[in-house]
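Pasted the sequence and its predicted model underneath.
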Amino acid sequence: MPDPETDDCHQVLLVLDVQVNMLRDPPAGIPAAAVVGPNIASILARARDAAPPPRIVHIRNCGDAGEPDETGSEGWELVHLPRSGEFVIDKRKNNAFAGTTLADVIPPTAEIIMVGMQSDFCIRATCSAALARGNEVLLVRGAHATYDRIEYHQHGLITTAAEVQKEIEGELEEAGVIMLDMKDLSGMFSDR
């Protein structure tokens, strides 16, 4: 773990729940897998090529027995193999800071660029927790996604995943998250 007394980390790429089960072809995977998967890969490649690179942290959700991301199963595996110096943190809750060592890896003064899954669960909860800690949080449109939502209180109507993602972006932007687009990729890790 980084030493909080000497940690000079200014920027973190948080790769949240980018696991095999999420990026499978729909319907098992998210509807936007064919777009979001390559976008996340591009962002990760840009971060790894940056000089100096941001701190890169992969979060892996640990599902219960029988779930698509059951710990140790193929669906639980990370899509992008971590490189030397990158962190992997397992979690069991939506908020990646809850019950993990993530707060030890990300200083409260660091800027966090967040990508991953699921917009309405882990992305929302982790962005909110990071803001509460004092981090500046940036979320990349087109690099986070979720599933369609069944509206049980509206007789089973479906809210599409794209609509859910936009709803969450609006909510998080209102809370203080800065929204980036894929067109911002060229300067995402160079403005330090």
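Arrived safely. Numbers count the residues shown, from 1 in each chain.

Helix or strand: which one has residue 165?
Counting by DSSP states H and E, the element that carries residue 165 is helix 161-175.

Determine the set of other helices and strands touching whichever helix or strand comes after that helix.
Reading on from helix 161-175 to the C-terminus, the next helix or strand found by DSSP H and E is strand 178-180. Using 3 or more C-beta pairs under 8 Å, 6 or more residues apart in numbering; DSSP states H and E as the contact test, the elements touching strand 178-180 are strand 136-145, helix 161-175. No exception for glycine: its C-beta is placed from N, CA and C like everyone else's.

who does strand 178-180 pair up with?
Neighbouring strands of strand 178-180 in its sheet, by DSSP bridges, are strand 136-145 (parallel).

could you point out which element follows the biggest helix by length in the chain?
The residue-count maximum for a helix in the chain (DSSP state H) belongs to helix 33-49. Next helix or strand after helix 33-49 toward the C-terminus (DSSP H and E): strand 55-61.

Counting by contacts, list what that following strand packs against.
With contacts defined as 3+ C-beta pairs under 8 Å, 6+ apart, strand 55-61 has these neighbours: strand 11-16, helix 33-49, strand 87-91, helix 102-105.

Could you give the separation of the longest one from the chain centroid?
Centroid separation between helix 33-49 and its chain, computed with C-alpha atoms, centre = their mean, to the nearest Å, is 12 Å.

just the first one next, same as before
Taking C-alpha atoms, centre = their mean, one finds the center of strand 11-16 at 7 Å from the center of the full chain.

picking up where we left off before, hey, which of the helices and strands packed on strand 55-61 is tucked in deepest?
strand 11-16 (a mean of 26; mean count of other C-beta atoms under 10 Å).

by how many degrees do that one and strand 55-61 diverge?
For strand 11-16 and strand 55-61, the angle between their directions (axes from the mean of the first three to the mean of the last three C-alpha atoms, to 10 degrees) works out to 20 degrees.

where does the chain dip in pLDDT?
Segments of the chain classed as low confidence (criterion: pLDDT under 70) are 3-7, 191-192.

run the last query once more with 80
By pLDDT under 80, the weakly predicted segments of the chain are 1-8, 152-156, 190-192.
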